[in-house]
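Peer 1: Sequence and predicted structure are below.
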Amino acid sequence: MTDTVIDPALHERARRIKLFLMDVDGTLTDGGVCLIAHPDGTGLAEMKVFNSADGAGLKLAHIMGIKTGFITGRKSPAVQQRAKELLVSYVYLGQATKTQAFEECMADAGVTADEVAYMGDDLPDLPVMQRVGLAVAVSNAVPEVKAAAHYITGLGGGKGSAREVIELILKSQGRWEEAIPKALA
């Protein structure tokens, strides 16, 4: 997170967050989709590149009691594996629209929309961003998503933006110093 002055209203929004949901492609990755064809034509494999700072941040969120979740339009075993590694509470793959998954996450977590942060980068993210207490756009998001955001990250998708948001939330909650020694490799 940059050390710029943050609007007190943003801190108030972040202070309430108990659940942090996010898109995957373009937020936890740089948006590239790498499909690898087998030379014999028997199929394709998909590769995703995730940022280790985001991973450390998501683990720290879990340790500090903030639930996390992925809601993405693609079905990807790589995303499922990464979520498992990071102890992500909610994983919704292959979602043409994200609103139903958002509703299910809120109900299961027992939180209100004001207690949810959502990070996105593209148009399918808008319906959820318009309902949450803290809407976040990555710095390389489309203009419409940036316009809907309460916060725009200094970092781009796949470059540590999720970690930046987690740090903002924990600092706003006055728990960052408590979190630092709990960070795991």
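Peer 2: Thanks, I have the structure now.

Peer 1: where do the strands sit along this structure?
Peer 2: Under the criterion DSSP state E, the chain contains strands at 19-22, 34-37, 44-47, 67-71, 90-92, 116-120, 134-137, 151-152.

Peer 1: center of this protein - which residue?
Peer 2: Centrality entry for the chain: nearest residue to the mean C-alpha point is residue 22, 3.2 Å, by C-alpha atoms, centre = their mean.

Peer 1: burial count for the closest residue to residue 129 other than its chain neighbours?
Peer 2: Nearest non-adjacent residue to residue 129, counting by C-beta to C-beta, 6 or more residues apart in numbering: residue 135, 3.9 Å away. Glycine gets a C-beta too; all of them are placed from N, C-alpha and C. When neighbours are counted by other C-beta atoms under 10 Å, residue 135 registers 23.

Peer 1: Tell me who's in contact with residue 135.
Peer 2: The contact partners of residue 135, by C-beta atoms under 8 Å, 6 or more residues apart in numbering, come to 117-118, 120, 129, 148-151.

Peer 1: distance of it from residue 50?
Peer 2: 22 Å (C-beta to C-beta, to the nearest Å).

Peer 1: for residue 84, same thing?
Peer 2: Distance, residue 84 to residue 50, by C-beta to C-beta: 13 Å.

Peer 1: More neighbours: these two, which one.
Peer 2: Between residue 84 and residue 50, counted using other C-beta under 10 Å, the more crowded position is residue 50 (20 against 10).

Peer 1: Quick check: that one touching residue 157?
Peer 2: No - under the criterion of C-beta atoms under 8 Å, residue 50 makes no contact with residue 157, lying 10.9 Å away.

Peer 1: which residues are common contacts for the two?
Peer 2: Contact criterion C-beta under 8 Å, 6+ apart; residues bridging residue 50 and residue 157 by contacting each: 28-29.

Peer 1: Break down the chain into its helices, ranges please.
Peer 2: For the chain, the helices defined by DSSP state H occupy 8-15, 52-63, 77-85, 99-109, 126-129, 143-148, 161-172, 176-179.

Peer 1: which residues of this structure score low on pLDDT?
Peer 2: For the chain, the stretches with pLDDT under 70 are 1-5, 185.

Peer 1: so which of the strands of the chain comes closest to residue 177?
Peer 2: With respect to residue 177, and counting by C-beta to C-beta, the nearest of the strands of the chain is strand 19-22 at 19.6 Å.
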